[in-house]
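A.B. asks: model this:
(one chain, ligands or ions: 1)
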Amino acid sequence: MSAASSDPRDRLIVALDLPSVGAAESVVARIGDAATFYKIGYELGFAGGLGFARELIADGKKVFIDFKLHDIGNTVARGVASLAALGASFATVHAYPQTMRAAMEGKGASPLRILAVTVLTSYDEADLNEAGYAQGVDATVAARVRQAREIGIDGIVCAPTDAAAVRAALGPKRAIVTPGVRPQGASAGDQKRVATPFEAIRSGADHLVVGRPIVTARDPAAAARAVQVEIASALAAS
Ligand SMILES: O=c1ccn([C@@H]2O[C@H](COP(=O)(O)O)[C@@H](O)[C@H]2O)c(=O)[nH]1
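C.D. replies: Alright, predicted model coming up:
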């Protein structure tokens, strides 16, 4: 396990996949103190979400910018430098060696941590084959983690079902962040490689990303707390 906080609230990252800053402000207000860490992706990011990220950071929250960058090295490095200046805690790139190197260069001495996305949690073997990758999910994840580690990446994004193998390959210090997390009984939606919060933490994940099960819940604060209860019991069992 990396040096992640033992406070279950810091282990949960709520994905603000919402259409407007107003909608995000409302969900964050309803969650209140039940979350400390938020993720902003395409939907909110392209609807004014980077300004909202600044507000969250000014309010003492941590922010993960999940744009999964993949471009020529110069563009990635400069984009990452802007995210570092924003004050983001985490940012994602796809786990291609040139892209990962550029991102690590772009963040400079800032505390921004670069996470490499291995194989998306909405992909199974058939999806990977359709995209032209002959080797399966496990082999692709393993190859990308090996390269990410050699490059010195700060952390990995992977499915919770991959977390144990990734932890073994990555070592104890670097972060593992898992989306595709579903409390018992929650709809998987388009996610294909999923596990519960308890299973994800027990498998070696440091941070869990949970979106729809929290932001669409009737009581988002209660949904966030329920995930944290599972995180706490998994940490206690570790
Ligand atoms: O492999 C990946 C990488 C990123 N994500 C992101 O996480 C959240 C998950 O949201 P849910 O509503 O809990 O499914 C979403 O923002 C994705 O863009 C991922 O799911 N898988």
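
A.B. asks: Could you report the separation of Pro97 from the ligand?
C.D. replies: Separation of Pro97 from the ligand (C-beta to the nearest ligand atom, to the nearest Å): 19 Å. The C-beta positions use only the backbone N, C-alpha and C, and glycine is treated the same way.

A.B. asks: Same check on Phe52?
C.D. replies: Phe52 sits at a distance of 15 Å from the ligand (criterion: C-beta to the nearest ligand atom).

A.B. asks: How about that residue: what's its closest non-neighbour residue?
C.D. replies: Once flanking residues are discounted, Phe52 sits nearest to Val21: 4.7 Å by C-beta to C-beta, 6 or more residues apart in numbering.

A.B. asks: where does that neighbour fall, phi/psi-wise?
C.D. replies: Backbone torsions for Val21, taken as degrees, to the nearest 10, come to phi -60, psi -40.

A.B. asks: any idea of the pLDDT on it?
C.D. replies: Val21 carries a pLDDT score of 98 in this model.

A.B. asks: cool, and Val117?
C.D. replies: Turning to Val117, the model gives it a pLDDT of 98.

A.B. asks: these two touch, right, it and Ala95?
C.D. replies: Yes: the pair Val117 and Ala95 passes the contact test of C-beta atoms under 8 Å, sitting 5.9 Å apart.

A.B. asks: other SSEs contacting the longest helix along the chain?
C.D. replies: The residue-count maximum for a helix in the chain (DSSP state H) belongs to helix 220-237. Here helix 220-237 touches helix 8-11, strand 12-15, helix 21-31, helix 197-202, strand 207-210, helix 212-215, going by 3 or more C-beta pairs under 8 Å, 6 or more residues apart in numbering; DSSP states H and E.

A.B. asks: how about the longest one: buried residues?
C.D. replies: Residues of helix 21-31 classed as buried by neighbour count (16 or more other C-beta atoms under 10 Å): 21, 23-24, 27-28, 31.

A.B. asks: Which strands border the next helix or strand after it, and is each parallel or antiparallel?
C.D. replies: Toward the C-terminus, helix 21-31 is succeeded by strand 37-40 as the next helix or strand (DSSP states H and E). Strands that pair with strand 37-40, judged by DSSP bridges, come out as strand 12-15 (parallel), strand 62-69 (parallel).

A.B. asks: Point out the most buried one among the ones you listed.
C.D. replies: The highest mean neighbour count among these, using mean count of other C-beta atoms under 10 Å, belongs to strand 12-15: a mean of 25.

A.B. asks: Before I go, just wanted to say thanks for your time.
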